[in-house]
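Asks: my questions concern the predicted model and sequence given below.
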Amino acid sequence: MAESGESKLKLYSYWRSSCSQRVRIALNLKGLDYEYIPVNLLKGEQKNPDFLKLNPLGHVPALVDGEIVIADSFAILMYLEEKYPQHPLLPSDLQKKALNHQASNVVCSNIQPHQNLAVLNFIKEKVGPDEVIPWVQSHINKGFAALEKLLKDCAGKYATGDEVSMVCFQLSFCFILVLLETQTFMYNIHFLWVKNLDLA
Ligand SMILES: N[C@@H](CCC(=O)N[C@@H](CS)C(=O)NCC(=O)O)C(=O)O
């Protein structure tokens, strides 16, 4: 659903990127139409000069809304929430809202960065291939242990109650951690409406 007179949203994304999945889930939850532009991280397309103009860090996702460019999943979710209030990503209860922010930031700051391709390759090259998994696991496990404590008293059907909210999207990255054979926990994480997978 693009509003009349507005250009269609564009999402630069990679199918296996957990940060991009969060945004795809939010877009689909809110019923927003968008153009999907694949950026193949394994082929290094995130380092193409044209993409670096959108995000100098060379990370997906990036959302383009007319003249507005936002290149960070948390910032994108907040933007979508303000501009398209339908199917809210955050509960109205202040405490639950704060909890969603806190848990989302644990994922964004303390867990996800450790399993980034650039980080994995750096450890592999500078420290050694056998060190990658233990290094990453030790950091990610700390984040999960904290999340588990944070959410244990409020989890319902979803992470912070019976409504889908932002932190569920943040947690959609669990499948990557399963690949890394690290400790996982699942608070009924639903892979909602993840569409347009680019399997290239
Ligand atoms: N804080 C950023 C992190 C973005 C990020 O780390 N994206 C990963 C994919 S999930 C990426 O593009 N990695 C590319 C690389 O490591 O070269 C966000 O939440 O959007």
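Replies: Now that the structure is in, tell me what you want to look at. This structure is a prediction, so every number in the text was calculated from the model and none was measured.
Asks: quick one, helices of the protein?
Replies: In the chain, helices defined by DSSP state H lie at 18-29, 49-54, 73-83, 94-105, 117-126, 132-151, 166-170, 174-179, listed in chain order.
Asks: out of those, which one sits most buried?
Replies: Neighbour counts averaged per stretch over the helices of the chain are highest for helix 166-170, at a mean of 28; criterion: mean count of other C-beta atoms under 10 Å. Yep, even glycine has a C-beta here, placed from its N, CA and C like the rest.
Asks: excluding its backbone neighbours, what's nearest residue 71?
Replies: The spatial neighbour of residue 71 that comes closest, neighbours along the chain excluded (C-beta to C-beta, 6 or more residues apart in numbering), is residue 55 at 3.5 Å.
Asks: and that neighbour, what does it touch?
Replies: Under the criterion of C-beta atoms under 8 Å, 6 or more residues apart in numbering, the contact list for residue 55 reads 12, 46, 62, 71.
Asks: burial of the third one, as a residue count?
Replies: Residue 62 sits with 25 neighbouring residues when counted by other C-beta atoms under 10 Å.
Asks: show me which of the contacts of residue 55 neighbour the ligand.
Replies: residue 46 (C-beta under 6 Å from any ligand atom).
Asks: most widely separated two among the contacts of residue 55?
Replies: Across the contacts of residue 55, no pair lies farther apart than 46 and 71, at 10.6 Å, counting by C-beta to C-beta.
Asks: any common contacting residues for these two?
Replies: Between them, residue 46 and residue 71 have 55, 59 as joint contacts when contacts are counted by C-beta under 8 Å, 6+ apart.
Asks: the two: who's more crowded?
Replies: Set side by side, residue 46 and residue 71 give different neighbour counts by other C-beta under 10 Å, the larger being at residue 46 (23 against 19).
Asks: grab the nearest non-local neighbour of the more buried one.
Replies: Counting by C-beta to C-beta, 6+ apart, residue 46 lies nearest to residue 58, which is 4.4 Å off, once chain neighbours are set aside.
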